[in-house]
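In: Below: sequence and its predicted model.
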Number of protein chains: 2
Amino acid sequence: MQIELINVGTELMLGRVLNTHQQWLCRRLSDAGHLVTRQVAVADTGAEIQQAVREALGRVETVIVTGGLGPTSDDLTRQRLAELFGRTLHEDAATLARITEFFAARKRPMPAGTQVQALVPEGALVLANAFGTAPGLAIEIKPNPFQSAAGTAWLIMLPGPPRELRPMFTDSVMPLLRRISPGEIVFVCRTMRSIGIGESQAELRIARQLQPLVERGLELGYCARPGQVDVRLVARAAGAEILVQEAEAIVRERLGSHIYGVDDEEIEEVVVRLLLQRGGTLTLAESCTGGQVADRVTNVPGASAVFLGGFVTYSNAVKQTAVGVSAESLAQHGAVSEPVARAMAEGARRLTGADYALGITGIAGPSGGTPEKPVGTVFIALAGPEGTEAWKMFNPLDRLTFKELTAQQALNQLRLALEGR
Amino acid sequence: MQIELINVGTELMLGRVLNTHQQWLCRRLSDAGHLVTRQVAVADTGAEIQQAVREALGRVETVIVTGGLGPTSDDLTRQRLAELFGRTLHEDAATLARITEFFAARKRPMPAGTQVQALVPEGALVLANAFGTAPGLAIEIKPNPFQSAAGTAWLIMLPGPPRELRPMFTDSVMPLLRRISPGEIVFVCRTMRSIGIGESQAELRIARQLQPLVERGLELGYCARPGQVDVRLVARAAGAEILVQEAEAIVRERLGSHIYGVDDEEIEEVVVRLLLQRGGTLTLAESCTGGQVADRVTNVPGASAVFLGGFVTYSNAVKQTAVGVSAESLAQHGAVSEPVARAMAEGARRLTGADYALGITGIAGPSGGTPEKPVGTVFIALAGPEGTEAWKMFNPLDRLTFKELTAQQALNQLRLALEGR
C-alpha cells in the first residue's frame, strides 16, 4: 500500500528539533511491505496542515499525520483536520476518563485545557495512548474528496512525543493497516551489521559473489557509519526469503567475524546475550568513554544478571583509589598507556570478582593530545579467565564520535573473545 | 524569503537513514531570517524528484534539493532537473580538473563514472565541494514556469553527505541567498528549556502574561519531552530582540528555577559550567542510570577539570565493595531506598574526596518491581559540603526513557543546589 507521512511542527521548520519520526515510521512501514512515497513537514498552522493533507490525499489513500494533538494553543491538528472533512468534534467519555485517570495515577491535578484532548471527530476511531494523554485518531474518509476515483481513504493522526507515538503505532496502527490492506505483501529486508572494515573494502569482498543474486532481484545497499558498515539485503518477490538467506550466507562467509549482528541488534545486546549463554559476568573500568559502555550495557533488559557494575576512573587519583592502578605505572607510562589499561581491567576484575573486565583509556580531545599520543589515541584491555589482552586504537574524531566508536570497539573485543575468535 | 527543502533518497523512504539535513538546514535558514515553509522527502527516482520540484516552485521562489548528485546509477537529481527546465548538460572543465585533483591528492585512481559529476546544466552556477567530488549547482529560473506571476526562481542542488553539504551551504549558499534577497531580515528565536513542570502547567503560568507580547508579534511555541518542556519565543519585525528579551524575562520570572538553560544548552553543560565557576568537583554512584550521568557529564569538553570519576554500582555486592554501602542497610531497606541512595552518595564522596556526589538507585524495569516499590521508583541523594539531601521520584516509563529522565532529574538536583535554590 502507498502511504504518505506528514510531520506537523513549527519546531521542525525552525530546525529546533530533529525529526526522528520519519526514519522510525518509514522503517516499520517499509518492513511491513508498504511504500512510503512521500514525507512532508509543515509548520503547525491550520492552513498548512490542511493543505498538506489535501495534497497527500490527492495522491494516495492512506496518510499518517504526526504532531499537534497536545493540549496547548499551538496544537491544531485535531481541530483543523476535523474541519477539513466537515466532522464535528464531541467529547469522548472513555477518553476523558482515561485522561483523568492518567493524572490521578500520578497524583497530579489535571490542568485546565487538558480535556481538549478528549475531543474526537465524528466517526473517528480512538487509538489509546498508554504513555500520555493525547489519544491518536483514525478517520475513514469515504469517498475521498481529493481524488476523482472516489475510493476510501484513511487519515491517521498520532501524537508527537516518540514514547507515545511508538507504542501506539505498533499496538493500534499496524493492526489497522493490516485490516485496511489485507493482501499478502512480500518484502524481506535484512541488514548485516559489520565493524572494523571500510565501505569500499566490504563492497570489494562481497559485490562479485552477490551479483548472481542481484540478477535474480536482490537489492543491495551500503550504509557507512563511524567504524561500521551496514549491508542491506532486500527482496520483494516470491522466493524473497530464500534469496535474502542465500545473500546473508555469502555476506557472513565473506565478512566473517566483522559481522556482529543483524537488523537493529546493537553490539551491547550481542554481548549481554553471549554472557548469559556462557554464564559469565562483566565489569568495566572506563576513562575516556566516561561511562558510555556501562550505559549501553545497562540499556539491555536483563543486563543485571551479567553486569556487576563499573568504574568511571576519570582522574588519575580515582584510577588509583577505585581500581588500584599504581602511582608508579601512571608516572612511568602515563594515564593513556597499555600498562594502565591492563591495570584498570585487572583491578576492576579483582575488586568485583567478575569473569571479564574491560579497561579503556584514551584521549577524547579536543585538548590533551601530545606529539607521541595525539587526540584519538586509545588503549583497550580485556581481562578474562585466560589472562589479559590489550589493543591500541586511533580514533581521531570529534569528542562524541570518539566516545561512541571507542565504546563500540571495546564491546567488540569482548564479543570476539566470547565468540572464541 | 520563503524556501522549500527537498531531500532526495530511497534510503530515507525505507527508514534506513536518519534525515539530519532537515534540522541542520532549517536551523541555519531560519536563523538567517528565512521561512522554511515546507520540507519534502522523496525516493531517488526521476519522476518523483521532478514532481516534487515542480510542486515546490509552484508555491515558492527558492527551492533547495539535497542528494542524488553522486556518481552511481541511482544519482538522478542533476540529470532529471536539467531535463525539467530544458537545460542541456555540458562537461565543465574547471570542475573536472577539481575532481581529478581530488583523487590525485589522495593518491587514489579516479573510478570510472566519476566524471559525470563534472556535468553542469546550461547557465548553472557551480558551488565548489571542498570535501568531496560532487559540486553543488544553482540555477536561476527566469521566468518560473510553475507560477502564473512570472518572477525569477532559484533551484539549488546540494550533495547528500553531511560533511560535504554543510561547508558548501555555509560558504556558497548563504552568500547566494543574501544576494538573491538583499533586504534586511529580522529574526530572533530563543528557546527556554524547563524541567519538572508539565506542558499545560507551563502554559497556564505564562500564557496570560505573554499575551500582550503576542499581540505585538511574539510567536510562542511549546515542545514537550520526557520531564521537560521547551518554550520557544520568536519575533520577526523591528524591535524583535527587545520583544524576545521582554518575553524571556516573563518566562524566567513565572517559571523560576524550572528554567535550566537556553537554546541548545544541555543540563550537563550547565552543571559543568556551575562547577567550574564555583571550583567544585563531582563524583557519582549510579545504579539504575547505569553510567548515563557519567557519560553525559563527560560529553562536555573540559569536564575532566571538575569530574573526578564515578561508580556504576549495579549489583548489591558492588554497592558494598565499591562505595561501602553496608550489608545491613541493603538487607533492612532494600537496594532501592533512601538510606541506600544516601550511603551511595556519601561513600562515593568520601572515597574520591569530591565536593559533590550524586547517588541514584531505582527500578528501571521491565522486571524487578514490587507492590511497594513498583517499576519506576527512584531515590536520588546529593551529598555536598552542607550535608546530604534525598528525593523520591516516580518515573513509570520504558527502560530507556526511565534512564534518560532519571539522569536528567539527578543532574537537575545538582544544578539547583549549585544555584543555591
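Out: Received, thanks.
In: switch to C-alpha atoms for all contacts and neighbour counts from now on
Out: Fine.
In: Give me the neighbour count for A:Arg415.
Out: By other C-alpha atoms under 10 Å in any protein chain shown, 22 other residues sit near A:Arg415.
In: and for the helix or strand bottoming out on mean pLDDT in chain A, what are the contacting residues?
Out: When each helix and strand of chain A is scored by mean pLDDT, DSSP states H and E, strand A:219-225 comes last, with a mean of 78. Contacting residues not belonging to strand A:219-225 are listed as A:198-199, A:214, A:229-235 [C-alpha atoms under 8 Å, 6 or more residues apart in numbering or on different chains].
In: change it to 10 Å
Out: Contact partners of strand A:219-225, identified using C-alpha atoms under 10 Å, 6 or more residues apart in numbering or on different chains, comprise A:189, A:191-195, A:197-200, A:202-203, A:207, A:210-211, A:213-214, A:229-236, A:244, A:247, A:405, B:11, B:16-17.
In: Show me how far it is from its chain's centre.
Out: A distance of 17 Å separates the centroid of the chain from that of strand A:219-225, by C-alpha atoms, centre = their mean, to the nearest Å.
In: repeat for stretch A:49-59
Out: Taking C-alpha atoms, centre = their mean, one finds stretch A:49-59 lying 29 Å from the centre of the chain it belongs to.
In: which other residues reach that stretch?
Out: Stretch A:49-59 is contacted from outside by A:2-9, A:37-43, A:48, A:62-65, A:68, A:76-77, A:80-85, A:141, A:144-148, A:153-155, B:38, using C-alpha under 10 Å, 6+ apart.
In: Give me the buried subset of these.
Out: Among these, those scoring as buried are A:2-9, A:37-43, A:48, A:62-65, A:68, A:76-77, A:80-82, A:141, A:144-147, A:153-155, B:38 (criterion: 16 or more other C-alpha atoms under 10 Å in any protein chain shown).
In: Mind checking which of these land in helices?
Out: Among those, the members found in helices (DSSP state H) are A:48, A:77, A:80-82.
In: Out of the residues you listed, flag the one nearest to chain B.
Out: A:Glu48 (8.6 Å; C-alpha to the nearest C-alpha).
In: residue furthest from the geometric center of chain A?
Out: The centre of chain A is farthest from one residue, A:Glu328, which by C-alpha atoms, centre = their mean lies 43.2 Å away.
In: Please look at that one and A:Gly334 and confirm they touch.
Out: Yes. Taking C-alpha atoms under 10 Å as the definition, A:Glu328 is a contact partner of A:Gly334 at 9.4 Å.
In: which ones are touching whichever residue of the stretch 101-250 of chain A sits closest to chain B?
Out: Using C-alpha to the nearest C-alpha, the closest approach of the stretch 101-250 of chain A to chain B is made by A:Pro111 at 6.2 Å. Going by C-alpha under 10 Å, 6+ apart, A:Pro111 touches A:71, A:103, B:198-204.
In: In what element of secondary structure is it found?
Out: If you go by DSSP states H and E, A:Pro111 is not part of any helix or strand.
In: how near is the residue most central in space within chain A to chain B?
Out: The centroid of chain A falls nearest to A:Asp264 when counting by C-alpha atoms, centre = their mean (7.3 Å). A:Asp264 sits 10 Å away from chain B, going by C-alpha to the nearest C-alpha, to the nearest Å.
In: do the same with A:Thr289
Out: Separation of A:Thr289 from chain B (C-alpha to the nearest C-alpha): 7 Å.
In: burial count for that residue?
Out: Counted by other C-alpha under 10 Å, the residues lying close to A:Thr289 total 31.
In: Check the secondary structure at the nearest residue to A:Trp391 once chain neighbours are set aside for me.
Out: Closest residue to A:Trp391 apart from its sequence neighbours, by C-alpha to C-alpha, 6 or more residues apart in numbering or on different chains: A:Ile380 at 5.3 Å. Using DSSP: H, G, I helix; E, B strand; the rest coil, the structure places A:Ile380 in strand.
In: So A:Ile380 sits against A:Glu286, correct?
Out: Yes. Using C-alpha under 10 Å, A:Ile380 is in contact with A:Glu286, at 9.5 Å.
In: residues shared between the contacts of these two?
Out: What both A:Ile380 and A:Glu286 touch, as defined by C-alpha under 10 Å, 6+ apart, is the set A:341, A:344-345, A:358-362, A:407.
In: Run through the helices of the stretch 301-421 of chain A in chain order.
Out: In order along the chain, the stretch 301-421 of chain A carries the following helices (DSSP state H, counting those that start in this stretch): A:316-323, A:327-333, A:338-352, A:399-418.
In: do the same with the stretch 51-200 of chain A
Out: Along the stretch 51-200 of chain A, the segments classed as helices by DSSP H, counting those that start in this stretch run A:77-84, A:93-105, A:162-168, A:174-180, A:199-215.
In: Just put those helices in JSON lines and tack on distance to B:Met393 and mean pLDDT.
Out: Below are the helices of the stretch 51-200 of chain A laid out as JSON lines (distance: least, C-alpha to C-alpha, whole Å; pLDDT from 0 to 100):
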{"stretch": "helix A:77-84", "distance to B:Met393": "33", "mean pLDDT": "96"}
{"stretch": "helix A:93-105", "distance to B:Met393": "14", "mean pLDDT": "92"}
{"stretch": "helix A:162-168", "distance to B:Met393": "19", "mean pLDDT": "94"}
{"stretch": "helix A:174-180", "distance to B:Met393": "34", "mean pLDDT": "93"}
{"stretch": "helix A:199-215", "distance to B:Met393": "46", "mean pLDDT": "89"}
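In: now the ones you listed as TSV including distance to chain B?
Out: Output for these, formatted as TSV (distance: least, C-alpha to the nearest C-alpha, whole Å):
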stretch	distance to chain B
helix A:77-84	15
helix A:93-105	11
helix A:162-168	8
helix A:174-180	16
helix A:199-215	12
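In: closest to B:Thr313 out of the ones you listed?
Out: Shortest distance between B:Thr313 and these, using C-alpha to C-alpha, is found for helix A:162-168: 27.7 Å.
In: buried stuff in that closest one?
Out: Within helix A:162-168, the residues scored as buried using 16+ other C-alpha under 10 Å are A:162-166, A:168.
In: State the pair within those residues that is farthest apart.
Out: Applying C-alpha to C-alpha across the buried residues of helix A:162-168, the maximum distance is between A:Pro162 and A:Met168, 9.6 Å.
In: shared neighbours of the two, anything?
Out: Residues touching both A:Pro162 and A:Met168 (C-alpha under 10 Å, 6+ apart) are A:Phe131.
In: which residues does A:Gln23 contact?
Out: By C-alpha under 10 Å, 6+ apart, the contact list for A:Gln23 reads A:29, B:11-19.
In: if we go to 8 Å?
Out: A:Gln23 sits next to B:12-19 when contact means C-alpha under 8 Å, 6+ apart.
In: A:Met110 too?
Out: Shown in contact with A:Met110 (C-alpha under 8 Å, 6+ apart): A:100, A:103-104.
In: give me that answer again for 6 Å
Out: Applying C-alpha atoms under 6 Å, 6 or more residues apart in numbering or on different chains to A:Met110 gives the contacts A:Phe103.
In: do the same with the one 10 residues further on
Out: Taking C-alpha under 6 Å, 6+ apart as the definition of contact, the neighbours of A:Val120 are A:89-90.
In: give me the beta-bridge partners of it?
Out: Counting by DSSP bridges, A:Val120 is bridged to A:His90.
In: measure the residue nearest to the centre of chain A to B:Arg59 for me?
Out: A:Asp264 sits 39 Å away from B:Arg59, going by C-alpha to C-alpha, to the nearest Å.
In: Within range of chain B, give me the residues from chain A.
Out: A:13-15, A:18, A:23, A:26-27, A:30, A:36, A:38-42, A:290-292, A:294-295, A:298, A:308-315 (C-alpha under 6 Å from any C-alpha of the partner chain).
In: Thought A:Pro374 was touching A:Phe394, still the case?
Out: No. The pair A:Phe394 / A:Pro374 is not scored as a contact, 8.8 Å apart, by C-alpha atoms under 6 Å.
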